[in-house]
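K.L.:
Please find the sequence and the predicted model below.
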Amino acid sequence: MTDMAHPPAAPAKRRARLGLLRRLNLSTWIGLVIVVALVLAAIFAPWLTEYSPSKQNILHQLSPPGDGHLLGTDQYGRDIWARLLYGARYSLTIGIFAIVVAMIVGTFLGMIAGFLGGRTDIVLMQVMDVILAFPALILGLALVALIGATMGNIIIAIAFTATPAFARIARAGVMTQRDREYAQACRALGFSGPRILFRHIMPAILPEVMVMSSLWMATAVRTEASLAFIGLGLAPPTPTWGGMVREGYDNILSSFHLALAPSIAILLLVLAFNLIGDGLRDVVDPRLKDAS
Amino acid sequence: MITKLMRTGLAAGLLAATALTAVPALAQQTTLTLGADAADIGSLDPHFASSTSDRTLAAWVFGGLVRFQPGSTDPAGIEPDLAESWESTDDKLEWTFHLRQGVQWQGGYGEVTADDVVFSIEKAMNPDTSAFSGDYAAVDSVEAVDPYTVKVTLKNQIPSVLGILANYAGGFIVSKAAYEERGESFARNPIGFGPFELDSVEPGVSATFKGHADYFRGAPQLESVVYRFLTSSSARDLAFVSGEIDASKGLADKQWLARSSAIEGAAVDIFDPAELSLLNINVTQAPFDDIKVRQAVAHAVNPDIFVQYRGPEFTRPGKSVIPSNNLGFSEDVGMYEYDPEASKALLEEAGYGDGLTVKMLASQLNSLESNALLLQSLFEEAGITLELEPVEHATWHQMIRQDLSPLVQYGAARFPVADVYLTQFFHSDSAIGAPGQVTNFSHCSVADDQIEAARVETDPVKQLALWKEAQELIVKEVCAVPMAEVAQVWVRKAALDWGYELKGAMSLGPVVTEATHFTE
């Protein structure tokens, strides 16, 4: 355990990272490939389609796939492929940033609660429990309805719903680490509380937090899509995947591809984040390692 | 052998079961189930029923002194309802109505008398107890001459007295005893003398009506009507295709029409009144206080796009600021041509050469949401960025009545005489924030004189000329830009006979009458 207090040399770190990559299973790699592909598609959207995602062409409404439009057009004659590509930008940005914010805030609060204990722990964790008591979608819905559906607000709302999960896991991690020998040694050497917490304990709990973040990214993508589906997403004509499902719903009996294409995109992204999360957990979780 | 016997037995059993279950199918269906585009009942106090769904239901429960012929919105065809006959003085200021005797209220509240009529009209005139009090500004007094005679006295002549006393909006007659007994709960426990009475409401699920056995035109052929709340059009379509519902509110959309027309055993009803969608522009708020900006908006709107989007079967381009079925409508009112280049030039003159960004609250109701998206695209071509702020429909109704959106796209149909629409949408007395606020979202006042003069003009030719002049002034001032007129649309099983040919319904939905029945 003393190796946690005294970080290993740089080559050893590199070896550890390579070891981690080698231990990733096939499904994790599939997840990574999907996420990278979607990120690239979102970045290079203007090169992958000649159409604008919001340009209407009423004369070509509801064209079937093919016919000059890879995935057809919607009821306003807008190209579905272009809307999917540009829509990936919003789903990815919201999914990733919301969880990064939740991870930073939640981990910080959880670490403080776990390290200090006492009243701070009780108050912080009870607040987290109250937030956790609400389903993510319901809480996100209430917050977005309250503060408005802008990109920043949706990120804040989803981050708010995810924060308690990170706080809980960080607190549990800190509580198991704070009385270990290396932490006691740090105290004996006169290190300050923040230094022990952030420099020595935090590296020990980060792998679990990272695993949690990839799993929650899937939830964030679903929540954003659900909010857009019920009309609380980004305002039209912004092409969000959830919004596309919503708009395609009215014509689902005659032009099911309108809702199917964005649904598959959401499915792929959520699946990819889950595969990555599961794979990382398999690698990081010592219990699973022992079992294997 | 045993297996063979078992198979034979099973087949016999199935045959017997089929024969037994077939027996009830031979009986005529007496329960009608409808799919509504509504989440719940709002208010069934007919003087507050303003949503499409509530208006539809009020017309089943209540009646008026006179009524539009079932299936028609033609004021010329107004016929007796509670009143058997009526006459007026030569100056058209005193109207006497002779009531039918023996007409019974629902729920055992006894006979309908002149007291109920007086109470109802006075209630409709009172802004505290009616959303339509503005329609009765010309009524001076209402009195019961005897239990079966009512006299209505006017302060001045109005274009259509029968219009405000018909089975529409404030013209519905309520039971005085039931209203006084039930108070505010009357809105969910209404009592009228119409063919159907409310039996029960399951909030958010359905409302059930039962036939009014003592209805004066005869007991309804249907025993009950179940009105299911299905806000999703896809859910309504699926319920209709599966036979779960017998008729359903449709979508004014050509894809929906093609899909529904192709269903075997289904018939589509497209009927009046077509609701005119206007883009109302608040002339008191910047940047729209500059007429050049308003003219730029007028040149940016292409009414034909809305027709192309929805389909010509139920959509007509807007050609004036009042609906085309209104007495007094004029097509030749100097509408601005669709010309995005002219818009850009006007914006340049107004100091917005680099483009203009404006915000609009947008209802999430399907038809309004699609109109907003079409407008957004049209505006973009004219150099105007339209930022939409989507809000839930009921909230949108509240917010636009607080002047929170400088642009309000609003679709409506009213009693088909120009005075009603012009007054409610363009007279300064009806402006948002005014004591008599109705739906003048634009704060238009440019045609007040013409509207008022036409209201009391007795010469029909002069009256028409005044209404035309009012429309020209409103168009020229760009208080509103006409978009399109969209008719009502429902789909039903062909075996469902409304009891009349459905060509129009002032209640914006099919009127279920004593004659409505299934032919199979």
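P.N.:
The structure has been received and is ready for your questions.
K.L.:
Could you give the residue of the stretch 1-150 of chain A that lies closest to chain B?
P.N.:
Closest residue of the stretch 1-150 of chain A to chain B, CB to the nearest CB: A:Gln56 (4.1 Å). Backbone N, C-alpha and C define where each C-beta goes, glycine included.
K.L.:
okay, now that residue: neighbour count?
P.N.:
24 (other CB atoms under 10 Å in any protein chain shown).
K.L.:
Wait, a strand at it?
P.N.:
No: under DSSP: H, G, I helix; E, B strand; the rest coil, A:Gln56 sits outside any strand and is assigned coil.
K.L.:
Return the residues of the stretch 151-292 of chain A in contact with chain B.
P.N.:
A:231, A:235-237, A:249-255 (CB under 8 Å from any CB of the partner chain).
K.L.:
ok, 10 Å please
P.N.:
A:230-238, A:243, A:246-255, A:259 (CB under 10 Å from any CB of the partner chain).
K.L.:
could you point out which element follows whichever strand or helix holds B:Gln463?
P.N.:
Counting by DSSP states H and E, the element that carries B:Gln463 is helix B:460-477. For helix B:460-477, the following helix or strand on the C-terminal side (DSSP H and E) is strand B:480-493.
K.L.:
Tell me the strands beside that following strand, with direction?
P.N.:
strand B:247-249 (antiparallel), strand B:266-281 (antiparallel), strand B:315-317 (antiparallel) (DSSP bridges).
K.L.:
Now tell me what touches the following helix or strand past it from outside.
P.N.:
Per DSSP H and E, the first helix or strand lying C-terminal to strand B:480-493 is strand B:496-497. With CB atoms under 10 Å, 6 or more residues apart in numbering or on different chains as the test, strand B:496-497 has contacts from B:29, B:32, B:34, B:221-222, B:246-247, B:266-267, B:510, B:515-520.
K.L.:
Now the residue in the stretch 251-400 of chain B that chain A sits nearest to: closest residue in space, sequence neighbours ignored.
P.N.:
Scanning the stretch 251-400 of chain B for the residue nearest chain A gives B:Ser377, at 4.1 Å (criterion: CB to the nearest CB). Nearest non-adjacent residue to B:Ser377, counting by CB to CB, 6 or more residues apart in numbering or on different chains: A:Gln56, 4.1 Å away.
K.L.:
Show me just the buried residues among the residues of the stretch 151-292 of chain A next to chain B.
P.N.:
A:232-238, A:243, A:246-253, A:255, A:259 (16 or more other CB atoms under 10 Å in any protein chain shown).
K.L.:
Relative to the whole chain's centre, how far out is stretch A:172-188?
P.N.:
Distance, stretch centre to chain centre, for stretch A:172-188: 30 Å (CA atoms, centre = their mean, to the nearest Å).
K.L.:
List the buried residues of that stretch.
P.N.:
Here stretch A:172-188 shows A:173-175, A:177-178, A:180, A:182-183, A:185-186 as buried, counting by 16+ other CB under 10 Å.
K.L.:
deepest of the strands paired with strand B:480-493, which one?
P.N.:
strand B:247-249 (a mean of 25; mean count of other CB atoms under 10 Å in any protein chain shown).
K.L.:
Skip ahead from it and say which helix or strand is next.
P.N.:
Going down the chain from strand B:247-249, the next helix or strand is helix B:254-261, by DSSP H and E.
K.L.:
Just the ones of the buried residues of stretch A:172-188 in helices?
P.N.:
A:173-175, A:177, A:182-183, A:185-186 (DSSP state H).
K.L.:
export the residues you listed to a markdown table and tack on pLDDT?
P.N.:
Conversion of these to a markdown table gives the following (pLDDT from 0 to 100):
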| residue | pLDDT |
| --- | --- |
| A:Gly173 | 93 |
| A:Val174 | 94 |
| A:Met175 | 94 |
| A:Gln177 | 91 |
| A:Tyr182 | 90 |
| A:Ala183 | 89 |
| A:Ala185 | 91 |
| A:Cys186 | 90 |
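K.L.:
And B:Ala219, how close does it get to chain A?
P.N.:
39 Å (CB to the nearest CB, to the nearest Å).
K.L.:
got a list of what the residue of the stretch 251-400 of chain B closest to chain A touches?
P.N.:
Here B:Ser377 is in contact with A:54-58, A:76-78, A:237, B:302, B:305, B:386 (CB under 10 Å, 6+ apart).
K.L.:
Which element, helix or strand, includes it?
P.N.:
helix B:366-381.
K.L.:
Next, the buried residues of that helix.
P.N.:
B:366-380.
K.L.:
Work out the sheet partners of the helix or strand just after it and label each with its direction, please.
P.N.:
Using DSSP H and E, the helix or strand that follows helix B:366-381 in sequence is strand B:384-391. Strands adjacent to strand B:384-391 in the sheet, as given by DSSP bridges, are strand B:356-363 (parallel).
K.L.:
Tell me how many other residues surround the residue nearest to B:Glu275 when sequence neighbours are not counted.
P.N.:
In space, and not counting its chain neighbours, B:Glu275 is closest to B:Gly411: 4.1 Å by CB to CB, 6+ apart. B:Gly411 sits with 18 neighbouring residues when counted by other CB under 10 Å.
K.L.:
I'd say B:Gly411 and B:Leu368 touch.
P.N.:
Yes: in this structure, B:Gly411 is within contact of B:Leu368 by CB atoms under 10 Å, at 7.3 Å.
K.L.:
where do the contact lists of these two overlap?
P.N.:
B:Ser277.
K.L.:
Can you report how many residues neighbour the residue in the stretch 1-150 of chain B positioned nearest to chain A?
P.N.:
Proximity of the stretch 1-150 of chain B to chain A (CB to the nearest CB) peaks at B:Asp37, 11.7 Å away. Per other CB under 10 Å, the neighbour tally for B:Asp37 reads 21.
K.L.:
Can you pull the phi/psi pair for it?
P.N.:
phi -90, psi 70 (degrees, to the nearest 10).
K.L.:
Now it. Nearest residue, chain neighbours left out?
P.N.:
That would be B:Lys249: by CB to CB, 6+ apart, it lies 4.4 Å from B:Asp37.
K.L.:
Sticking with A:Arg171, tell me its helix or strand.
P.N.:
Per DSSP H and E: helix A:151-177 holds A:Arg171.
K.L.:
helices or strands up against that helix?
P.N.:
On a contact count with 3 or more CB pairs under 10 Å, 6 or more residues apart in numbering or on different chains; DSSP states H and E, helix A:151-177 meets helix A:80-116, helix A:118-132, helix A:136-147, helix A:202-229.
K.L.:
For the residue most central in space within chain A, give me its contacts.
P.N.:
For chain A, A:Met217 is the residue whose C-alpha lies nearest the centre (CA atoms, centre = their mean; 1.7 Å). Applying CB under 10 Å, 6+ apart to A:Met217 gives the contacts A:35, A:92, A:94-100, A:102-103, A:162, A:269-270, A:272-274, A:276-277.
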